[in-house]
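S.K.: Can you look at this prediction? I've put the sequence above it.
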Amino acid sequence: MVDITADPRFAGLLQAIDPVGDFRPDRGQILDDIEGEQETVPEDGLNTNDVSDLLQTVTQLSKGVCNKTDQEYRRLIAQFENFLVKHGLIKAGDLFATNPGTHAAHFIVLWIMNQ
(Lines give C-alpha, C1' and ligand atoms only; values in the text may rest on other atoms or scores of the structure.)
Protein backbone atom coordinates (compact mmCIF):
# COMPACT_ATOMS: atom_id res chain seq x y z
CA MET A 1 0.00 0.00 0.00
CA VAL A 2 1.01 3.58 -0.60
CA ASP A 3 1.95 5.74 2.42
CA ILE A 4 -0.32 8.69 1.76
CA THR A 5 1.10 10.71 4.66
CA ALA A 6 4.36 11.10 2.73
CA ASP A 7 2.74 11.85 -0.64
CA PRO A 8 2.01 15.57 -1.25
CA ARG A 9 -0.89 14.65 -3.57
CA PHE A 10 -2.88 13.63 -0.47
CA ALA A 11 -2.16 16.72 1.65
CA GLY A 12 -5.65 18.17 1.07
CA LEU A 13 -7.33 14.89 1.97
CA LEU A 14 -5.33 14.56 5.17
CA GLN A 15 -6.08 18.18 6.12
CA ALA A 16 -9.79 17.65 5.49
CA ILE A 17 -9.88 14.52 7.64
CA ASP A 18 -7.75 15.84 10.51
CA PRO A 19 -8.04 19.65 10.35
CA VAL A 20 -7.08 20.22 13.98
CA GLY A 21 -3.86 18.24 13.91
CA ASP A 22 -2.85 16.71 17.20
CA PHE A 23 -5.81 17.88 19.32
CA ARG A 24 -6.68 15.36 22.00
CA PRO A 25 -9.26 16.01 24.73
CA ASP A 26 -7.91 15.96 28.27
CA ARG A 27 -8.81 13.24 30.75
CA GLY A 28 -11.37 15.45 32.51
CA GLN A 29 -13.31 16.08 29.29
CA ILE A 30 -13.38 12.37 28.53
CA LEU A 31 -14.61 11.48 32.02
CA ASP A 32 -17.30 14.18 31.83
CA ASP A 33 -18.51 12.76 28.49
CA ILE A 34 -18.63 9.23 29.89
CA GLU A 35 -20.51 10.38 32.98
CA GLY A 36 -23.00 12.28 30.83
CA GLU A 37 -23.65 9.25 28.66
CA GLN A 38 -24.07 6.99 31.70
CA GLU A 39 -26.77 9.33 33.00
CA THR A 40 -28.87 8.60 29.91
CA VAL A 41 -29.00 4.84 30.55
CA PRO A 42 -32.15 3.75 32.42
CA GLU A 43 -31.42 2.53 35.96
CA ASP A 44 -33.35 -0.69 35.43
CA GLY A 45 -31.65 -1.42 32.10
CA LEU A 46 -33.56 -2.78 29.14
CA ASN A 47 -36.75 -4.69 29.68
CA THR A 48 -36.47 -8.23 28.24
CA ASN A 49 -39.94 -7.92 26.70
CA ASP A 50 -38.93 -4.69 24.95
CA VAL A 51 -35.88 -6.39 23.43
CA SER A 52 -37.94 -9.37 22.31
CA ASP A 53 -40.51 -7.06 20.67
CA LEU A 54 -37.75 -5.08 19.02
CA LEU A 55 -36.09 -8.20 17.60
CA GLN A 56 -39.43 -9.42 16.26
CA THR A 57 -40.07 -6.08 14.56
CA VAL A 58 -36.59 -5.96 13.00
CA THR A 59 -36.97 -9.53 11.75
CA GLN A 60 -40.30 -8.73 10.09
CA LEU A 61 -39.08 -5.50 8.50
CA SER A 62 -35.83 -6.98 7.20
CA LYS A 63 -37.35 -9.87 5.25
CA GLY A 64 -36.29 -9.62 1.62
CA VAL A 65 -33.88 -6.80 2.33
CA CYS A 66 -30.86 -8.89 3.34
CA ASN A 67 -30.08 -10.37 -0.07
CA LYS A 68 -30.53 -7.09 -1.88
CA THR A 69 -28.40 -5.26 0.70
CA ASP A 70 -25.68 -7.88 0.44
CA GLN A 71 -25.63 -7.56 -3.35
CA GLU A 72 -25.38 -3.77 -3.09
CA TYR A 73 -22.53 -3.97 -0.54
CA ARG A 74 -20.62 -6.38 -2.79
CA ARG A 75 -21.10 -4.06 -5.77
CA LEU A 76 -19.77 -1.11 -3.77
CA ILE A 77 -16.82 -3.15 -2.46
CA ALA A 78 -15.85 -4.12 -6.02
CA GLN A 79 -16.18 -0.50 -7.15
CA PHE A 80 -14.04 0.68 -4.21
CA GLU A 81 -11.34 -1.92 -4.85
CA ASN A 82 -11.25 -1.09 -8.57
CA PHE A 83 -10.79 2.59 -7.71
CA LEU A 84 -7.87 1.85 -5.38
CA VAL A 85 -6.18 -0.48 -7.87
CA LYS A 86 -6.69 1.99 -10.74
CA HIS A 87 -4.93 4.72 -8.75
CA GLY A 88 -2.11 2.43 -7.64
CA LEU A 89 -3.00 2.56 -3.96
CA ILE A 90 -3.31 -1.21 -3.54
CA LYS A 91 -2.77 -4.38 -5.54
CA ALA A 92 -5.81 -6.34 -6.71
CA GLY A 93 -6.98 -8.68 -3.96
CA ASP A 94 -5.32 -6.71 -1.12
CA LEU A 95 -8.43 -4.79 -0.06
CA PHE A 96 -9.62 -7.31 2.50
CA ALA A 97 -6.31 -8.60 3.77
CA THR A 98 -6.17 -10.07 7.27
CA ASN A 99 -5.21 -6.68 8.73
CA PRO A 100 -6.58 -3.56 7.04
CA GLY A 101 -3.91 -1.08 6.02
CA THR A 102 -3.23 1.92 8.20
CA HIS A 103 -4.82 4.18 5.59
CA ALA A 104 -8.06 2.22 5.08
CA ALA A 105 -10.24 5.03 6.47
CA HIS A 106 -8.40 7.60 4.36
CA PHE A 107 -8.93 5.49 1.24
CA ILE A 108 -12.66 5.28 1.93
CA VAL A 109 -12.89 9.06 2.31
CA LEU A 110 -10.81 9.57 -0.85
CA TRP A 111 -13.13 7.24 -2.78
CA ILE A 112 -16.25 9.01 -1.50
CA MET A 113 -14.81 12.45 -2.26
CA ASN A 114 -14.00 11.26 -5.79
CA GLN A 115 -17.62 10.25 -6.47
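M.R.: Ah, there it is. Numbers count the residues shown, from 1 in each chain.
S.K.: got a list of what Asp33 touches?
M.R.: Going by Cβ atoms under 8 Å, 6 or more residues apart in numbering, Asp33 touches Pro25. (C-beta placed from N, C-alpha, C; glycine too.)
S.K.: how near is it to Val41?
M.R.: Counting by Cβ to Cβ, to the nearest Å, the gap from Asp33 to Val41 is 14 Å.
S.K.: just Gly12 next, same as before
M.R.: Distance from Gly12 to Val41, by Cβ to Cβ: 41 Å.
S.K.: now swap in Thr102 and tell me
M.R.: Distance of Thr102 to Val41, computed by Cβ to Cβ: 34 Å.
S.K.: quick one, longest helix in this structure?
M.R.: When the chain is parsed with DSSP state H, its longest helix is helix 65-86.
S.K.: starting at the chain centroid, how far to that one?
M.R.: 15 Å (Cα atoms, centre = their mean, to the nearest Å).
S.K.: next structured bit after it?
M.R.: helix 104-114 (DSSP states H and E).
S.K.: Remind me what that next one packs against, helices and strands.
M.R.: Counting contacts by 3 or more Cβ pairs under 8 Å, 6 or more residues apart in numbering; DSSP states H and E, helix 104-114 is packed against helix 11-17, helix 65-86.
S.K.: And for Leu13, the neighbour number?
M.R.: As a burial measure, Leu13 scores 17 neighbours (other Cβ atoms under 10 Å).
S.K.: Can you tell me, leaving aside adjacent residues, what's nearest to it?
M.R.: Leu110 (5.6 Å; Cβ to Cβ, 6 or more residues apart in numbering).
S.K.: Now for that neighbour, how many residues are close by?
M.R.: 19.
S.K.: what's the angle between the longest helix of the chain and helix 104-114?
M.R.: 90 degrees (axes from the mean of the first three to the mean of the last three Cα atoms, to 10 degrees).
S.K.: quick one: contacts of helix 65-86?
M.R.: 90-92, 95-96, 107-108, 111, 114.
S.K.: Repeat the analysis, applying 6 Å as the threshold.
M.R.: For helix 65-86, the surrounding residues in contact (Cβ atoms under 6 Å, 6 or more residues apart in numbering) are 90, 92, 95, 107, 111.
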